[in-house]
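Novice: give me coordinates for this.
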Amino acid sequence: MIPLTLAQLAAAAHGTLHEAEGSVLVTGPLSFDSREIHPGGLFVCLAGRTMDGHNFAEQAVAAGAVAVLAARSVDAAAIVVPDVLAALADIAHIIAEHYTGTVVALTGSAGKTTTKDILETVLSLDGPTVANHRSFNNEIGFPVTVSRVEPDSRYLVLEMGARGKGHIEALCNIVQPTTATVLGIGSAHVGEFGSREAIADAKAEIVRALPADGVAVLYGDDPLVRAMAKDTPARVVTFGTGLGCDVRADEISTDGRGRPRFTLRHMHNAADVQLRIYGRHNVTNALAAAATALAIGVPFHRTVEGLLHAELSSGGRMEVTERNGVTIINDAFNASPESVLAALDALKDIAGSDGRKVVFLGEMAELGHEAEQWHQRVAEKLVTVAPDVLFGLGDNHIHRIIQTARDNGIDATHVRTGSLHDVLLNVELSAQDVVLVKGANALGMEAAARALSERTSVPEDA
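Specialist: You can find the predicted model right below:
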């Protein structure tokens, strides 16, 4: 963290010091888990459904925190504030005011975290870089990420999520980005927003926040994103596969393991790129990362080097493991319609013509009036991919998918959520099988994917 005194943080957060000296420096980042205290940091006392961080204040200070951020007096040095969440934002804001590096913000309906992981790899080759852990992109994870910047951090990469209008604007008010990247607008959360146009309007808040000397990096293949150029005075850089895009990919294919390769083009530069990550849909995410890096001045050769070495650190997104000859694709962190279709394409590429394909698929949520048509599209994609075995979790919509699969000769079974782990323990798998686990995180499918990996793992003494 950029060192600031307790007095400075208390003033920024509209709080008062309790059993604490204002001259004490906070040198470590914020933490809301008392088991993960950073020496010199500030522990945030959040009250949850079953646990209250205030009860761990004394323990946190004993573990190395210089003080805690609390809504009431505790038995430890503290900054006492009227609202802990609001204070988190205020503290992140003052840290950002002292930060002199480049702030990169990114959003989109799908691919944000993957793009963030790739971009972090690329930028780290150019200078010290801080980025969100996993998908810490909300009102809690966002300030924690900001607090991790150091005086010598060259880049701060901030993934921004939104579940309503104004959410991204609020995050940009905490930290104003100098570069903003927007991925495609999909149908995730259309049930909450009402339409893709409404989603695009909410995502456009990120480019509206840019200063005139900033840069907007826009997905040129999506008309809704391309139209955001009119929402900002900043310079615009586009990426995609279209000939009019500033940074583009062509000659896209996959290797024998389903990992994409393509030719990256920017101005007079061109390079062949073979990604280490899986799924040809990740070409778009790699392009977004490349365009962002190039837009802020990272040399072309260094950008290419970053793409070649990038791996996904956040988990649950095209996370491919192999144990005892069984390949498991854990893509179960979320399940937007577009990502489900992409995952099924990736399954086909990874399995090739030899592998038996097994799919654990969860019903897609938050799709509103588009739910039926999207589940029908997934059913049609399944018929094209032709898995050997399908297990479907969910209610009405998953039943329709299962019936369509059965009508086309696919061995399809409905699984109740509570019995998922029993099915995983008993499903018959053999060498060369490729298993895709895809579904909303709320269904517990990411944990199921990890349980399946453990089930098929080679014993340590083997």
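Novice: average pLDDT for stretch 101-112?
Specialist: When pLDDT is averaged over stretch 101-112, the result is 93.
Novice: so how far is the first residue of it from its last?
Specialist: End-to-end span of stretch 101-112 (CA to CA, to the nearest Å): 21 Å.
Novice: kindly report the same for stretch 331-344.
Specialist: End-to-end distance of stretch 331-344 (CA to CA): 10 Å.
Novice: repeat that for stretch 75-87.
Specialist: For stretch 75-87, the first-to-last residue distance is 20 Å (CA to CA).
Novice: list the buried residues in it.
Specialist: Applying a neighbour-count criterion of 16 or more other CB atoms under 10 Å, one finds 76-81, 84, 87 buried in stretch 75-87. For every residue, glycine as well, the C-beta is placed using N, CA and C.
Novice: residues in contact with Ala110?
Specialist: By CB atoms under 8 Å, 6 or more residues apart in numbering, the contact set of Ala110 is 183-184, 186, 188, 334, 336, 338-339.
Novice: just to revisit the earlier point, return the closest of the buried residues of stretch 75-87 with respect to Gly53.
Specialist: Set against Gly53, the nearest of the buried residues of stretch 75-87 by CB to CB is Val84 (8.3 Å).
Novice: what's downstream of the helix-or-strand element of the chain with minimal mean pLDDT, the next helix or strand?
Specialist: Here the helix or strand of the chain ranked lowest by mean pLDDT, DSSP states H and E is helix 190-193, holding a mean of 67. Downstream of helix 190-193, the first helix or strand assigned by DSSP states H and E is helix 196-203.
Novice: using CSV, write down the CA coordinates of whichever strand or helix holds Leu390.
Specialist: Per DSSP H and E, Leu390 falls inside strand 389-393. Extracted as CSV, the C-alpha positions of strand 389-393 are listed here (Å, rounded to 0.1, in the frame of the first residue of the first chain):
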residue,chain,number,x,y,z
VAL,A,389,-23.2,-38.2,-21.9
LEU,A,390,-25.1,-35.2,-20.5
PHE,A,391,-26.0,-34.4,-16.9
GLY,A,392,-28.3,-31.4,-16.5
LEU,A,393,-28.9,-29.5,-13.3
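Novice: got the angle for the helix or strand following it vs strand 389-393?
Specialist: With elements assigned by DSSP H and E, the helix or strand that comes after strand 389-393 is helix 396-407. Orientation check (axes from the mean of the first three to the mean of the last three CA atoms, to 10 degrees): helix 396-407 against strand 389-393 gives 170 degrees.
Novice: circling back: partners of the strand holding Leu390 in the sheet?
Specialist: Applying DSSP bridges, strand 389-393 is found paired with strand 357-362 (parallel), strand 411-415 (parallel).
Novice: give me phi/psi at the residue minimising distance to the centre of the chain?
Specialist: By CA atoms, centre = their mean, the chain has its centre lying nearest to Thr113, at 2.3 Å. Backbone torsions for Thr113, taken as degrees, to the nearest 10, come to phi -70, psi -40.
Novice: surely it meets His133?
Specialist: No: using CB atoms under 8 Å, Thr113 is not in contact with His133, being 10.0 Å away.
Novice: now the residue nearest to the centre of the chain: how far from Ala288?
Specialist: Look at Thr113 and Ala288: by CB to CB, to the nearest Å, they are 12 Å apart.
Novice: so Asp213, which of the three states?
Specialist: Under DSSP: H, G, I helix; E, B strand; the rest coil, Asp213 falls in the coil class.
Novice: contacting residues around it?
Specialist: Taking CB under 8 Å, 6+ apart, one finds 178, 234 in contact with Asp213.
Novice: please report how far it lies from Leu119.
Specialist: Using CB to CB, one gets 21 Å for the distance from Asp213 to Leu119.
Novice: do Gly258 as well
Specialist: Distance, Gly258 to Leu119, by CB to CB: 22 Å.
Novice: between those two, point out the one with more neighbours.
Specialist: Neighbours per residue, other CB atoms under 10 Å: of Gly258 and Leu119, the larger number sits with Leu119, 31 against 23.
Novice: ramachandran angles for that one?
Specialist: phi -60, psi -40.
Novice: is it true that it touches Ala291?
Specialist: No: with contact defined as CB under 8 Å, Leu119 does not reach Ala291; the gap is 9.8 Å.
Novice: out of the contacts of Ala110, who's nearest Thr327?
Specialist: Distance to Thr327 across the contacts of Ala110 (CB to CB) is lowest for Ser339, with 19.0 Å.
Novice: what does stretch 265-278 rub up against?
Specialist: For stretch 265-278, contacts defined as CB under 8 Å, 6+ apart pick out 114, 118, 246-250, 255, 257-264, 282-283, 286, 290-291, 294, 300-301, 304, 307-312, 318, 320, 329, 346, 350.
Novice: mutual contacts of Thr113 and His133, please.
Specialist: Common neighbours of Thr113 and His133 (CB under 8 Å, 6+ apart) are Ser314.
Novice: next, the buried residues of stretch 23-43.
Specialist: In stretch 23-43, counting by 16+ other CB under 10 Å, buried: 24, 26-32, 34, 37-38, 40-43.
Novice: can you confirm Leu9 is in a helix?
Specialist: Yes: under three-state DSSP, Leu9 sits within a helix.
Novice: now the nearest residue to it once chain neighbours are set aside, what's its secondary structure?
Specialist: Distance criterion CB to CB, 6 or more residues apart in numbering; nearest residue to Leu9, sequence neighbours excluded, is Ile91 at 5.5 Å. Of the three states, Ile91 takes helix under three-state DSSP.
Novice: which residues touch Ile91?
Specialist: So Ile91 contacts 9, 12-13, 30, 42, 69, 143, 147 (CB under 8 Å, 6+ apart).
Novice: out of these, show me where the pLDDT dips lowest.
Specialist: Confidence-wise, Pro143 trails the rest of the contacts of Ile91, at 93.
Novice: thinking that one is in contact with Leu88, fair?
Specialist: Yes: if you go by CB under 8 Å, Pro143 and Leu88 touch, sitting 4.3 Å apart.
Novice: so, low pLDDT: which residues of the stretch 101-250 of the chain?
Specialist: Applying pLDDT under 70 to the stretch 101-250 of the chain flags the ranges 137, 188-192.
Novice: let's see it at 80
Specialist: 134-138, 162-163, 186-194 (pLDDT under 80).
Novice: tell me where the stretch 201-350 of the chain has helices.
Specialist: Secondary structure of the stretch 201-350 of the chain (DSSP state H, counting those that start in this stretch): helices located at 205-208, 223-226, 282-295, 300-309, 337-351.
Novice: can you redo the ones you listed as JSON lines with distance to Gln376 and mean neighbour count?
Specialist: Shown next, in JSON lines, are the helices of the stretch 201-350 of the chain (distance: least, CB to CB, whole Å; neighbours: other CB atoms under 10 Å):
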{"stretch": "helix 205-208", "distance to Gln376": "32", "mean neighbour count": "24"}
{"stretch": "helix 223-226", "distance to Gln376": "23", "mean neighbour count": "19"}
{"stretch": "helix 282-295", "distance to Gln376": "24", "mean neighbour count": "27"}
{"stretch": "helix 300-309", "distance to Gln376": "36", "mean neighbour count": "18"}
{"stretch": "helix 337-351", "distance to Gln376": "11", "mean neighbour count": "23"}
